[in-house]
Structure formats: structure tokens, C-alpha cells
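In: structural data only, the sequence is not supplied:
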């Protein structure tokens, strides 16, 4: 955690110290100093960038808090090389300076519409690219909480479709293009056979945008107005 100074030695069980870099003060046991167990909660320790602080709990009754797990998972997606090898779509993602601080993130979460919605055991998800399409930065200006059903609608399955436009697949047996759209709970709706990729994509685009707007209306009363507006203005691009 960096260098610290002993401010006052009261006894072996009560040593007042202060970390030089962050200024954080605490009381520790002398034995903790000797065996190197003294840590500064205001130094970056989570994935090398996250600062947990001491203002809010990390665990409750031995279980990691919802806020901490959201924060840690967000940092993992941005700063864990192992994770990004498995999920390359997160390559280049980062967090705002404020979101690197658990204390700030904790307070931000509790001000957000949808954060407290547990969805019958399936809580709302933290989303970074609904408000700003293609966004790579987790921040207070780009993130909202949305229902899992909506978040699933926005997930792209690029590897599974190959070189075809989103929502379009080539059926070798039928010698035609197929358009399908994912709807509730990931279920696919078949839209038909088409002679060209463009015709198939247009059918997909209309169906997908219509369904997204339907979901926006269904969840309007429970989601952030910014999320509702973004969903109502949602457009599918052929390069998505």
C-alpha cells in the first residue's frame, strides 16, 4: 500500500499510522506492521485501479454486497486481461475516474432508477451502451440500470452469425437468407426466407426496432427516462 509513518505509539495493540501518499490514518497493532499486514484502503488495489475506501461495507454477514459486486465486476470487464481474452468485446473498455472509487459508485447506485429493483431474483443490469451506442466508458453519464429482458435484447452475437448482417443467416439447404429476431427471454422469431441479405436485414430491422419500442413501453414506469428515450429512438444498423 505504500510508505506510512508512525504518528503515535500508544502500546503494542494501538499504533497510530498515516500513509504518506493518500494521507489515510488508522490504528493498527505493532505485530501487523512487523509482518506487513497493514493496508491502505485508499490505494488502488482492485484490478490495480479500484479504490475501495472505508465509508461503505464490502460484505454483510460474510457476503459481498450488491454494490461491491457490481463495482468489482465492472472493473473486471475493463481491467482484467484474462476476462477480456474470454470476452473480447470488452477490449478497450474503461471506467471514469469517479467510478474507480467504490464510495462514489456506491452513492451513485443508490440515486439511480432501477437499482433497487430485484426483478423477482433477477435484478436490473448495469448497462453502459444503451444511452451512447458503441460506448466503451462506464461513467455516471453513460450508465443506467435496465431489466435483464431489455439488456438481453441489446446483446449482439457476432461470432455465431459469421459475415452476415445482424439478424441474418444463410440457409444452404433452402438456398436463401433467413431473418430471425430475438425476443422475450432470448427466444427467436422466424421472419422468413429472402433472396438477398439486404431484404432479410430490412425485415429484421423493422421487427427488432418494433419489439424494442414495445419493451420500452412495457417498462416505462420502472426505468430511467433516459433509458426509455434511448429505447424509443433505438435503431439497428447493418454494421451492428
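Out: Sure thing, it's come through. The model shown is predicted, which means the values in this text are computed figures rather than measured ones.

In: can you check which helix is longest in this structure?
Out: Looking across the chain with DSSP state H, the single longest helix is helix 197-219.

In: buried stuff in that one?
Out: For helix 197-219, the neighbour count (16 or more other CB atoms under 10 Å) marks 197, 199-205, 207-209, 211-212, 215-216, 219 as buried. Any C-beta I mention is one placed from the backbone N, CA and C, and that applies to glycine too.

In: helix or strand with the lowest mean pLDDT in this protein?
Out: Every helix and strand of the chain was ranked by mean pLDDT, DSSP states H and E. The lowest is helix 158-161, at a mean of 54.

In: just the closest of the buried residues of helix 197-219 to residue 191, please.
Out: Nearest to residue 191 out of the buried residues of helix 197-219 is residue 203 (CB to CB; 4.8 Å).

In: tell me which of the buried residues of helix 197-219 is nearest to residue 69?
Out: residue 219 (23.3 Å).

In: ok, now which ones touch the closest one?
Out: Residue 219 is in contact with 146-147, 150, 228, counting by CB atoms under 8 Å, 6 or more residues apart in numbering.

In: hmm, back to that, and of the buried residues of helix 197-219, the nearest to residue 136?
Out: Set against residue 136, the nearest of the buried residues of helix 197-219 by CB to CB is residue 212 (21.6 Å).

In: quick one, strands of this protein?
Out: Per DSSP state E, the chain carries strands over the ranges 4-11, 14-19, 25-28, 59-60, 63-64, 94-95, 125-127, 137-138, 144-146, 168-171, 176-182, 188-194.

In: re the thing from before, hmm, which of the contacts of residue 219 is lowest in pLDDT?
Out: Within these, pLDDT reaches its minimum at residue 150, with 90.

In: just for this protein, where's the confidence low?
Out: Residues of the chain that meet the criterion pLDDT under 70 lie in 156-162, 185-186.

In: of all the buried residues of helix 197-219, which comes closest to residue 104?
Out: Among those, residue 219 lies closest to residue 104 (CB to CB), at 27.1 Å.

In: can you tell me how far the closest one sits from residue 145?
Out: For residue 219, the distance to residue 145 equals 11 Å [CB to CB, to the nearest Å].

In: now residue 216, nearest residue through space, not along the chain?
Out: If the residues on either side of it in the chain are set aside, residue 216 comes closest to residue 231, at 3.5 Å by CB to CB, 6 or more residues apart in numbering.

In: nice, that's everything, thank you.
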